[in-house]
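*Asks:* Sequence and predicted structure are below.
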Amino acid sequence: MDGDGQQPLRVDAPDMSMEQRQVVPNALLGTMIFVGTEIMFFAGMISAFLISKASTPGGIWPPPGQPRLPVEATALNTVALLLSGVAMVVAYHQFKKSPSKATAPFLVSAVLGVFFVVFQGFEWVGLLDHGLTMSSGPFGAFFFLIVGTHALHAVIGLGILAKVFVLLRQGALNLGGMQALTLYWIFVVLLWPILYWQVYL
Amino acid sequence: MNAARVLLVAFLASPTTAWACAVCGGFSDDEKGAYIGTTALLSFLPLGLIFGGVYYVYRASQTHVTPMLERTESSDRSPQ
């Protein structure tokens, strides 16, 4: 009791004898869990695609009468996306040394990512002109579903890249945020060769 | 009762005839391979992801905890 009859305010202070340190940044942990669910999402779609492909009468894939996919042009696009991933890894390592040094490789990564999405957009227009649509058969349905879902992830990734670039320029980006972005972009980049191998080849 | 036992044994002995699983009969080798491969993928991939994530967090905790413990021990040894 105090002199004025009031109870002293009791504050439950944290136990200072035990040092607590965050092992994994929240942004990175959240992104790890998210990327894990996305991997399973794509694994499900690829599984359905493989079974449908194997069940084709006569074992001919793509089915006769369907347009052929631009394998060589997309291989070039695949290289562009892989280089974008390499640039992002470089940006991450530069960021750990000095955030200002990460700007250039970060921009290179973003530009190559935009190139990939735009190139794929032109490819889609060509395929639609040749009659390949979501409703033209299992081939078109799986193509647009799987490749389209990946493209959606790439577009969302570019949006995050733009937002993070602003934070980087303002000096407001922390290491956890950079790690989370790098993990997400590496997921988008490394998923693509698997999809290219399964869907295009 | 005996008839039921005979039927059970017949089913267990001849899953292909009974079509007891998705890939036991009536499919081509490609389809069997696709079913078995995708079943393995969807079974083991989530386990790998979970164990990989847990291992990463464990490794991260070890690299953080070890220097912290060393620092605590050295401060305990220092004269008051």
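*Replies:* Perfect, thanks for sending it. Residues are numbered from 1 along each chain as shown, chains lettered A, B, ... in the order given.
*Asks:* pLDDT (mean, whole number) over the strand or helix carrying A:Trp124?
*Replies:* Using DSSP states H and E, A:Trp124 maps to helix A:103-129. Helix A:103-129 shows a mean pLDDT of 95.
*Asks:* Report the buried residues of it.
*Replies:* By neighbour count on 16 or more other C-beta atoms under 10 Å in any protein chain shown, the buried set for helix A:103-129 is A:105-106, A:108-110, A:112-114, A:116-117, A:119-120, A:123-124, A:127. For every residue, glycine as well, the C-beta is placed using N, CA and C.
*Asks:* for those, which one is nearest A:Phe49?
*Replies:* A:Leu127 (16.7 Å; C-beta to C-beta).
*Asks:* Let's verify the spatially closest residue to the closest one that is not a sequence neighbour: helix, strand, or coil?
*Replies:* Spatial nearest neighbour of A:Leu127, chain neighbours left out: A:Pro67 (6.1 Å); criterion: C-beta to C-beta, 6 or more residues apart in numbering or on different chains. Counting by DSSP: H, G, I helix; E, B strand; the rest coil, the backbone at A:Pro67 sits in coil.
*Asks:* Return the residues in contact with A:Pro67.
*Replies:* A:Leu127, A:His130, A:Gly131, A:Leu132 (C-beta atoms under 8 Å, 6 or more residues apart in numbering or on different chains).
*Asks:* measure it to chain B for me?
*Replies:* 23 Å (C-beta to the nearest C-beta, to the nearest Å).
*Asks:* Kindly report the residues of chain A close to chain B.
*Replies:* A:19, A:21, A:23-24, A:29, A:32-33, A:36, A:39-40, A:43-44, A:46-47, A:50-51, A:53-55, A:59 (C-beta under 8 Å from any C-beta of the partner chain).
*Asks:* Swap in 6 Å and give it another go.
*Replies:* Those residues of chain A that sit near chain B, judged by C-beta under 6 Å from any C-beta of the partner chain, are A:19, A:21, A:23-24, A:32, A:36, A:40, A:43, A:47, A:50-51, A:54-55.
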